[in-house]
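In: Take this sequence and fold it.
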Amino acid sequence: MRRSEVVKAMWAYFRSNNLMDPKDKRYVLADEPLMKLFKKRRFLAFGMMKDLVPHIIEAKFLNDYDRAALEKYEAEEEAKRAENEGEEVKNNDDESNGQSAEGSSRNDENSGDDKSESADNEQQEEELESD
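Out: Model (predicted):
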């Protein structure tokens, strides 16, 4: 697990367990599992990596080939994640813009020729697929 992923997971844990200090949101109030890691009841959230260093094992590779293979795999996974997030955003935008509202305005402008509307829809689908 990369350091950035550790930090994200820690912040998610802090928020999901409501561990942020209500008086000063920069600090985390440790629960029992965190007490084992940090050995403090209250610690600065942005300084947590300093306290986590003893618990992190640096990755050691047998050779450059293994390192390159892992980096390639991580890059591919990151690209897939970004692509999936992009599709989710696009789908959410389509839903929030309302497909039916767009269609009804087109019907108002249309002279009643169903063939031209069908052709317009096909052209839009082709444009979306090419993006």
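In: In the protein, where's the longest helix?
Out: Ranked by residue count under DSSP state H, the longest helix found in the chain is helix 64-97.
In: quick check: mean pLDDT across that helix?
Out: Here helix 64-97 scores 80 as its mean pLDDT.
In: ok, now stretch 8-18?
Out: On average, stretch 8-18 scores 93.
In: who's in contact with it?
Out: Outside of stretch 8-18, the residues within contact range by Cβ atoms under 8 Å, 6 or more residues apart in numbering are 1, 19-20, 28, 31, 45, 48, 52. Glycine gets a C-beta too; all of them are placed from N, C-alpha and C.
In: Also stretch 36-43?
Out: With contact meaning Cβ under 8 Å, 6+ apart, stretch 36-43 is reached by 21, 27-30, 35, 48, 51-52, 55.
In: will you turn the residues you listed into a markdown table that also has pLDDT, secondary structure and neighbour count?
Out: Output for these, formatted as a markdown table (pLDDT from 0 to 100; DSSP: H, G, I helix; E, B strand; the rest coil; neighbours: other Cβ atoms under 10 Å):
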| residue | pLDDT | secondary structure | neighbour count |
| --- | --- | --- | --- |
| Asp21 | 93 | coil | 14 |
| Tyr27 | 94 | strand | 17 |
| Val28 | 94 | strand | 25 |
| Leu29 | 94 | strand | 17 |
| Ala30 | 92 | coil | 18 |
| Met35 | 91 | helix | 11 |
| Met48 | 85 | helix | 18 |
| Asp51 | 83 | helix | 15 |
| Leu52 | 83 | helix | 15 |
| His55 | 77 | helix | 10 |
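In: Switch the residues you listed over to TSV; also include distance to Glu78.
Out: As requested, the contacts of stretch 36-43 are exported to TSV (distance: Cβ to Cβ, whole Å):
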residue	distance to Glu78
Asp21	33
Tyr27	32
Val28	28
Leu29	33
Ala30	31
Met35	34
Met48	23
Asp51	27
Leu52	23
His55	25
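In: From these, pick the one nearest Glu77.
Out: Leu52 (23.2 Å; Cβ to Cβ).
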